[in-house]
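Asker: just need the structure, nothing else, for what follows:
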Amino acid sequence: METVRQQIIGLLGEKEMSAIDLSQELGIREKEVYEHLPHIARSLAARGKELVIRPSLCLKCGYIFKKRKRFTRPGRCPQCRETHLQRPTYEIR
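Answerer: Numbers count the residues shown, from 1 in each chain. Here you go, the predicted model:
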């Protein structure tokens, strides 16, 4: 039996996924996924791998959240103030 973090690492090793995809696949809350991601990033770094974040994108004006370091999704776009955003996705390299 694998832990939740081991399951997340396994899924992200296979393909790029968002936190909501991971939560649905594992049957846990999206918030729990966000709590696990910083720990997963640190353990992967110790193994010489990297948790890559493909940043969120504003679907109205096209703003890309390039400098965002947090794993959670942003609430609104800083340029146009819209809340219609593409979720960030994660993968392991």
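Asker: break down this protein into its strands, ranges please.
Answerer: 17-18, 51-54, 57-58, 85-86, 89-92 (DSSP state E).
Asker: want to throw those strands into CSV with mean pLDDT and distance to residue 4?
Answerer: Where you see a C-beta, it was placed from the backbone N, CA and C, and this is true even at glycine. Shown next, in CSV, are the strands of the chain (pLDDT from 0 to 100; distance: least, C-beta to C-beta, whole Å):
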stretch, mean pLDDT, distance to residue 4
strand 17-18, 98, 14
strand 51-54, 96, 15
strand 57-58, 96, 28
strand 85-86, 96, 25
strand 89-92, 97, 15
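Asker: how many residues are close by residue 72?
Answerer: When neighbours are counted by other C-beta atoms under 10 Å, residue 72 registers 15.
Asker: what's the closest non-adjacent residue to it?
Answerer: Counting by C-beta to C-beta, 6 or more residues apart in numbering, residue 72 lies nearest to residue 34, which is 5.0 Å off, once chain neighbours are set aside.
Asker: and residue 61, by the same measure?
Answerer: Nearest residue to residue 61, sequence neighbours excluded (C-beta to C-beta, 6+ apart): residue 80, at 4.4 Å.
Asker: what's the pLDDT at that neighbour?
Answerer: Note for residue 80: predicted pLDDT of 97.
Asker: that one is in contact with residue 59, isn't it?
Answerer: No - using C-beta atoms under 8 Å, residue 80 is not in contact with residue 59; the gap is 10.2 Å.
Asker: who are the neighbours in contact with the residue nearest to residue 61?
Answerer: Taking C-beta atoms under 8 Å, 6 or more residues apart in numbering as the contact definition, residue 80 lies against 58, 60-61, 63.
Asker: what residues sit buried inside stretch 22-29?
Answerer: Buried residues in stretch 22-29, counting neighbours by 16 or more other C-beta atoms under 10 Å, are found at 22-23, 28.
Asker: nearest to residue 68, of these?
Answerer: residue 22 (18.5 Å; C-beta to C-beta).
Asker: quick revisit: give the contact list for the residue nearest to residue 72.
Answerer: So residue 34 contacts 19, 71-72 (C-beta under 8 Å, 6+ apart).
Asker: since that was my last question, I'll sign off now.
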